[in-house]
Structures are given as C-alpha cells and as structure tokens.
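Colleague: using only what follows, build the 3D model:
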Amino acid sequence: MAGKLYLCATPIGNLEDITFRVLRTLKEVDLIAAEDTRHSIKLLNHFDIKTPMTSYHEYNKVEKAHYLVGKMAEGMEIALITDAGTPGISDPGEELVRQCHEAGIQVTSLPGPAACITALTMSGLPTRRFCFEAFLPAEKSDKKERQRILEELKNETRTIIVYEAPHHLKATLKDLKNALGNRRITICRELTKRYEEAFCTTFEEALNRYEEEEPKGECVIVIQGKSVEELKKEQIESWEELSLEEHMERYTGQGMDRKEAMKAVAKDRGISKREVYQGLLEGE
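Modeller: From the prediction side, this is the model:
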C-alpha cells in the first residue's frame, strides 16, 4: 500500500505556534523532508522528535521529489517541512506535491502558520480579496520579469502581499512606489517574535523612515489595492484621449457592427448612446 505526504506547517518565529497534530505526525512518519536540515534540527530537538530527516530544497527539488515519490510508492510515510510556515507557499514544496498527484500519492496539509495570512489579518487593510506575490523577481538578475510583474500590479484592486528581506526592503519599496503610486501599506516584521511590528504607513513615509534606520527582520509588505472608482476614472480618461471615431474603430475593427460599437463606446465613456451619436455627427 502506498504511503502519504503530510505538509506540516511549522512556526514562523514563536515555537508555541506549532499544532499538536503536526507534532504527532512528525513523530509518527518514517521520514521528514526539510528545506534546511541544519535549521530544522533545532525544532525537532526542542520537541524531542527523533524521526530521520533528509534535505529537500530549491536546488534538488525535481530529482529529490522523484526519489521521495518512489519511497512513498513503496509505502513510506513522509512529512514535508519548510524553514518556517506552510510548505508549498513560496518554496519548493509545490514541486513535490505536483509529482505526488501525478503518481497517485495521497497528499494532506496540516494547517498552521503562514506569514502572508498572519500579516494580512493584522494589516488593517481589506482582507476579503487579496493576491499573494511572495518575493518579487531579483532586482538585478531578473529585471525584466520584475518590471513585468510591477506593471501587472498597477491596476490590481485586491490587497497585495509581498515578501522581502531587510537588505532589499528599501529598493523594493522604491520600485513599488514608482509603479503603484504612494499607496497605503503595512510593513509587518518579526512576526510572532518578541519585536513583532505592524507599521501602518505609506510608501513615502516608510522610505523616509528607512533613510534614518536600517530595516531589520524578514518583512511582509501588505499593500492597498487600487480602488475600483480610481480604476474606472483612469479608464474613462484613457478613452477620452481618443476621438469618438477612433474609439468606434477599436470595436468595429474587431468585427462589431456600428450600432453595438456605439453602445460599447457610450459605456466606456459613461455617456448616453445619443451623446455618442451626436458627437459622431458633429465630427463629420
């Protein structure tokens, strides 16, 4: 009978945040796959867990996942843990999960800490709809991809969550401000630890603060989405830069008949179909 993969969430700072179910599972499985065994051994020692460990990280994720899936196919029960938080969130765990599903290996997730959700709930920003961007692509080595994502985020109406290391925080805040404008943000750092902080601010205010002091601790930046009203206003303004005939051609060029195109133009500009018709007559 095939084994099973257990995705075990581990503390993001405070060791008391681990669940009884995770502790029991880590003790009962045959093997623990850990992102960094040197880091995870401290957790296991603290809770007197003697289960053997093996490394599973970004640089061996494909080949090692294949090996682990083979072991589970033979009946081995394996737990996956990351350095902190929930496996599969911004870490190589997603590759192992994918291969398990392809091989018909059962996967279960044991809920627990996740920095993105922890930061979102304490940010003071809207929580009903949000998008998670994790770490942006590197500023130097993947500049084009970084700019592409920043461009995509410009019109995002949901609350945005971004991870960042302290030594890259200022550069990332500058890039986000340049792309998104001076939005409301909350910078959460040292989550669940002694010096935990949720700094409600704006990009400008945060950059001013970090000119005076060096950022410390892993950070989660929670960013206000663009309001639907602002987005609609910008869309209307962009349409108004076109003449009515040019606007019409956007739709008729796609095969829409002139009557339907007039309806679409009226909707885009927030005016009546009659006003569109009159404007087109005056433009002739």
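Colleague: how about low-confidence regions in the stretch 151-284 of the chain?
Modeller: 238-241, 277, 279, 281-284 (pLDDT under 70).
Colleague: that one: strands as residue ranges?
Modeller: 159-164, 184-189, 197-202, 219-223 (DSSP state E, counting those that start in this stretch).
Colleague: how close does the nearest residue to Thr51 once chain neighbours are set aside get to Leu169?
Modeller: Leaving out its chain neighbours, the residue that sits closest to Thr51 by CB to CB, 6 or more residues apart in numbering is Ile32, at 5.2 Å. Any C-beta I mention is one placed from the backbone N, CA and C, and that applies to glycine too. Noted for Ile32: a distance of 32 Å to Leu169, by CB to CB, to the nearest Å.
Colleague: quick one on the thing from earlier: export the strands of the stretch 151-284 of the chain as TSV, with columns for distance to Glu63 and mean neighbour count.
Modeller: Shown next, in TSV, are the strands of the stretch 151-284 of the chain (distance: least, CB to CB, whole Å; neighbours: other CB atoms under 10 Å):
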stretch	distance to Glu63	mean neighbour count
strand 159-164	26	22
strand 184-189	35	22
strand 197-202	40	15
strand 219-223	31	25
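Colleague: for Arg258, find the nearest of the ones you listed.
Modeller: The closest of the strands of the stretch 151-284 of the chain to Arg258 is strand 159-164. By CB to CB, the value is 40.3 Å.
Colleague: one step back: got the strands of the stretch 151-284 of the chain as JSON lines, with distance to Phe130 columns?
Modeller: Formatted as JSON lines, the strands of the stretch 151-284 of the chain follow (distance: least, CB to CB, whole Å):
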{"stretch": "strand 159-164", "distance to Phe130": "4"}
{"stretch": "strand 184-189", "distance to Phe130": "12"}
{"stretch": "strand 197-202", "distance to Phe130": "16"}
{"stretch": "strand 219-223", "distance to Phe130": "8"}
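Colleague: nearest to Leu150, of these?
Modeller: Nearest to Leu150 among the strands of the stretch 151-284 of the chain is strand 159-164 (10.4 Å), distances taken as CB to CB.
Colleague: strands paired with that closest one, and their directions?
Modeller: Within its sheet, strand 159-164 is paired with strand 130-135 (parallel), strand 219-223 (antiparallel), according to DSSP bridges.
Colleague: turn these into JSON lines, columns for distance to Ile117.
Modeller: Below are those laid out as JSON lines (distance: least, CB to CB, whole Å):
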{"stretch": "strand 130-135", "distance to Ile117": "9"}
{"stretch": "strand 219-223", "distance to Ile117": "10"}
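Colleague: out of these, nearest to Met248?
Modeller: Comparing the strands paired with strand 159-164 by CB to CB, strand 130-135 comes nearest, at 34.5 Å.
Colleague: my guess is Glu190 meets Gly217, correct?
Modeller: Yes - using CB atoms under 8 Å, Glu190 is in contact with Gly217, at 4.0 Å.
Colleague: hang on, the earlier thing: identify the residues contacting the host helix or strand of the residue nearest to Thr51?
Modeller: Here Ile32 sits within strand 31-34, counting by DSSP states H and E. Residues from elsewhere that reach strand 31-34, judged by CB atoms under 8 Å, 6 or more residues apart in numbering: 26, 40, 44, 51-56, 64, 68, 71, 76-82, 96.
Colleague: do stretch 202-209 as well
Modeller: Against stretch 202-209 from outside (CB under 8 Å, 6+ apart): 170, 173-174, 176-177, 180, 182-185, 187, 199, 201.
Colleague: could you dump these to CSV with distance to Met256?
Modeller: Formatted as CSV, the contacts of stretch 202-209 follow (distance: CB to CB, whole Å):
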residue, distance to Met256
Lys170, 48
Leu173, 43
Lys174, 43
Leu176, 38
Lys177, 39
Leu180, 33
Asn182, 39
Arg183, 36
Arg184, 39
Ile185, 41
Ile187, 47
Phe199, 49
Thr201, 46
